[in-house]
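Chemist: Build me a model from this:
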Amino acid sequence: MVLNTQQQRELIIFFVYIAIAAGIGSIFGYALLFSVVTLFGYIFYQLHHLFKLHNWLLNRSNNLPDAKGYWGEIFNEIHLMEKDKRKNRDQINKVLSRFQNAAQALPDGAIILTKYNDIEWANQTACTMLGIRSETDIGRKINNLIRHPKFQKYLNKSDYSKAIQLPRPMQPEHELEIQITPFGSNQKLILCRDISHIAQLEAMRSRFISNVSHELRSPLTVIKGYMEMLTEDDSQASVSDHQKKVFANMYDQVGRMDRLVEDLLTITRLETQQISANEEIDIASMLSAIRDNVEILGKNKKQKLTLNVDSHLKLIGDNDELTSLFTNLVNNAVRYTPDNGEINIQWRKQSDQAIFSVTDTGPGIEREHLSHLTERFYRVDSDRSRKSGGTGLGLSIVKHVLDRHDGQLDIDSTPGQGSTFICRFPAQRFIVTK
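Modeler: Residues are numbered from 1 along each chain as shown. Predicted coordinates:
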């Protein structure tokens, strides 16, 4: 151990005292006695200052004790440390005060939770929006104050990448968007905002699309009926081949408009209505029926379609919505897979998830398009999509149905090799029968 100058000086003083005591003691013939007395006196001196330091540590409101020599240096260093500590504490308090003032002025609500989901701090906006009383609810668990099942389920999840929407407590006509962000040592930050005006605009948009779609159905049905008559009636000898070709093209376009209207109505229903049923569904039978249908539709393409399903794995949900989900994905595979291509459909249990997947040997999709595929009317290749009869809404319907069934869509695609669309359902959504 290397001693500094002050420590070396203190050791020299100690040995000098012992030497002087031994010298004086030797005059009287008691060198050892004088040395021992001096040693005990030195120890008492050190204990005296040690006790003074301990008493100050127990009650820091008092000033540091005075001392000389080595203890004076120690007290001086402690004084400087305390001074720096007070300075840093004052700076932290100022920063914290500015943060709290800024957070209180936020138009959005903010709540900080401990790792046990206890409320540690909340700004006034959050208290107003969520009905929290800052004087009594700080320290209480947030799930005891916000009892909405959707929030309880969201709080217990580990994935907070998506926000949720809830009716405002005491004012259910208002809509809140709540987002949880983990930080620090298992703490959570809850941000909430009133999105009532956005919800109203969304509702207006949905009503507009629904009303327009309903209004279009009747004239489209009439036009479609006349076009069927024109394209199928061979008794009209006066109709030229060119005109028949025009009528057939018109009939195809009317059919496409009819499918578009149906898809728009489906999306509107998925957005505005609660899930209508939670029944136990035999997915194996459903997929077998879907395969039979698409084999008839794609028989001219001579595709190889295989089905590997676990017949004991059942899904809990809405039968019509899940049929639409699986049909859209299988139809897409058939539509974009070339002649003599291969399509593999799987339904299986993997760990704590139920997995539905469709793999094709189609042209594949570039990586930059994958995150946009579930957007409405998004097309990787507009000409190819229209020629195949797609409306651009199929994958948007898939996403809505998955959201309503707590599912997740993963897409893996390699250009020139094909694509795999994977639907993952959590444990609470499936059962395994014997």
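
Chemist: can you list the weak-confidence ranges in the stretch 151-300 of the chain?
Modeler: 232-239, 298 (pLDDT under 70).

Chemist: just the strands in it please.
Modeler: Under the criterion DSSP state E, counting those that start in this stretch, the stretch 151-300 of the chain contains strands at 164-168, 171-183, 187-194, 279-281.

Chemist: Of these, flag the one that's most buried.
Modeler: Scoring those by mean neighbour count under mean count of other Cβ atoms under 10 Å gives strand 187-194 as the most buried, with a mean of 19. All C-beta spots, glycine's among them, are computed from the backbone N, C-alpha and C.

Chemist: hang on, the earlier thing: please tabulate the strands of the stretch 151-300 of the chain in CSV and include distance to Leu201 as additional columns.
Modeler: Formatted as CSV, these follow (distance: least, Cβ to Cβ, whole Å):
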stretch, distance to Leu201
strand 164-168, 14
strand 171-183, 11
strand 187-194, 13
strand 279-281, 34
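
Chemist: and of those strands, who's closest to Val432?
Modeler: If you check each of the strands of the stretch 151-300 of the chain against Val432 by Cβ to Cβ, strand 279-281 wins as the nearest, at 11.4 Å.

Chemist: what does the closest one rub up against?
Modeler: For strand 279-281, contacts defined as Cβ atoms under 8 Å, 6 or more residues apart in numbering pick out 314-319, 322, 431.

Chemist: Narrow those residues to those in helices?
Modeler: Among the contacts of strand 279-281, the members found in helices (DSSP state H) are 319, 322.

Chemist: Can you tell me which of the contacts of strand 279-281 are buried?
Modeler: 314-319, 322 (16 or more other Cβ atoms under 10 Å).

Chemist: which of the residues you listed lies closest to Gly418?
Modeler: Leu322 (24.2 Å).

Chemist: right, and the pair among the buried ones among the contacts of strand 279-281 with maximum separation?
Modeler: Counting by Cβ to Cβ, the most remote pair of those is Lys314 and Asp318, 13.7 Å apart.

Chemist: Helices of the chain, start to end?
Modeler: Using DSSP H, helices in the chain cover 5-28, 31-58, 69-105, 124-130, 134-137, 149-155, 196-232, 241-272, 283-297, 319-336, 367-370, 382-387, 394-404.

Chemist: Turn the ones you listed into JSON lines, including distance to Phe356.
Modeler: What follows is the helices of the chain, written out as JSON lines (distance: least, Cβ to Cβ, whole Å):
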{"stretch": "helix 5-28", "distance to Phe356": "75"}
{"stretch": "helix 31-58", "distance to Phe356": "67"}
{"stretch": "helix 69-105", "distance to Phe356": "44"}
{"stretch": "helix 124-130", "distance to Phe356": "38"}
{"stretch": "helix 134-137", "distance to Phe356": "44"}
{"stretch": "helix 149-155", "distance to Phe356": "22"}
{"stretch": "helix 196-232", "distance to Phe356": "28"}
{"stretch": "helix 241-272", "distance to Phe356": "18"}
{"stretch": "helix 283-297", "distance to Phe356": "7"}
{"stretch": "helix 319-336", "distance to Phe356": "7"}
{"stretch": "helix 367-370", "distance to Phe356": "18"}
{"stretch": "helix 382-387", "distance to Phe356": "23"}
{"stretch": "helix 394-404", "distance to Phe356": "10"}
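
Chemist: For the buried ones among the contacts of strand 279-281, give me JSON lines that also has distance to His49.
Modeler: JSON lines is the format used below for the buried ones among the contacts of strand 279-281 (distance: Cβ to Cβ, whole Å):
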{"residue": "Lys314", "distance to His49": "79"}
{"residue": "Leu315", "distance to His49": "77"}
{"residue": "Ile316", "distance to His49": "75"}
{"residue": "Gly317", "distance to His49": "77"}
{"residue": "Asp318", "distance to His49": "80"}
{"residue": "Asn319", "distance to His49": "85"}
{"residue": "Leu322", "distance to His49": "81"}
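
Chemist: To Lys115, which of the helices of the chain lies closest?
Modeler: Minimum separation from Lys115 across these (Cβ to Cβ) falls at helix 149-155, 12.7 Å.

Chemist: which other helices and strands contact that closest one?
Modeler: strand 164-168, strand 171-183 (3 or more Cβ pairs under 8 Å, 6 or more residues apart in numbering; DSSP states H and E).

Chemist: between the shortest one and helix 196-232, what angle do the directions make?
Modeler: In this case it means strand 164-168. Strand 164-168 runs at 120 degrees relative to helix 196-232, counting by axes from the mean of the first three to the mean of the last three Cα atoms, to 10 degrees.

Chemist: Provide the contact partners of strand 164-168 at residue level.
Modeler: Under the criterion Cβ under 8 Å, 6+ apart, residues 129-130, 148, 150-151, 154, 173-179, 194-196, 199 lie in contact with strand 164-168.

Chemist: how big is the angle separating that strand from strand 187-194?
Modeler: Taking the same axes, to 10 degrees, one finds that strand 164-168 is oriented at 60 degrees with respect to strand 187-194.

Chemist: Walk me through which strands strand 164-168 pairs with, and which way each runs.
Modeler: When pairs are called by DSSP bridges, strand 164-168 turns out to pair with strand 171-183 (antiparallel).

Chemist: residues making contact with the strand it pairs with?
Modeler: When contacts are defined by Cβ under 8 Å, 6+ apart, strand 171-183 is touched by residues 129-130, 151, 154-155, 160, 163-168, 188-196, 198-199.

Chemist: In the stretch 1-150 of the chain, where is pLDDT below threshold?
Modeler: Low-confidence segments of the stretch 1-150 of the chain (pLDDT under 70): 1, 61-62.

Chemist: list the contacts for the spatially closest residue to Arg133 that is not a sequence neighbour?
Modeler: With Cβ to Cβ, 6 or more residues apart in numbering as the criterion, Arg133 has its nearest non-adjacent residue at 6.8 Å, and that residue is Cys127. Each residue near Cys127 by Cβ under 8 Å, 6+ apart is listed here: 109, 133-134.

Chemist: Write a PyMOL command that selects only the buried members of these.
Modeler: To isolate the buried members of the contacts of Cys127 in PyMOL, using 16+ other Cβ under 10 Å:
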select buried, resi 109
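
Chemist: for the contacts of Cys127, which one is nearest Trp121?
Modeler: Using Cβ to Cβ, Ser134 comes nearest to Trp121 of the contacts of Cys127, at 8.9 Å.
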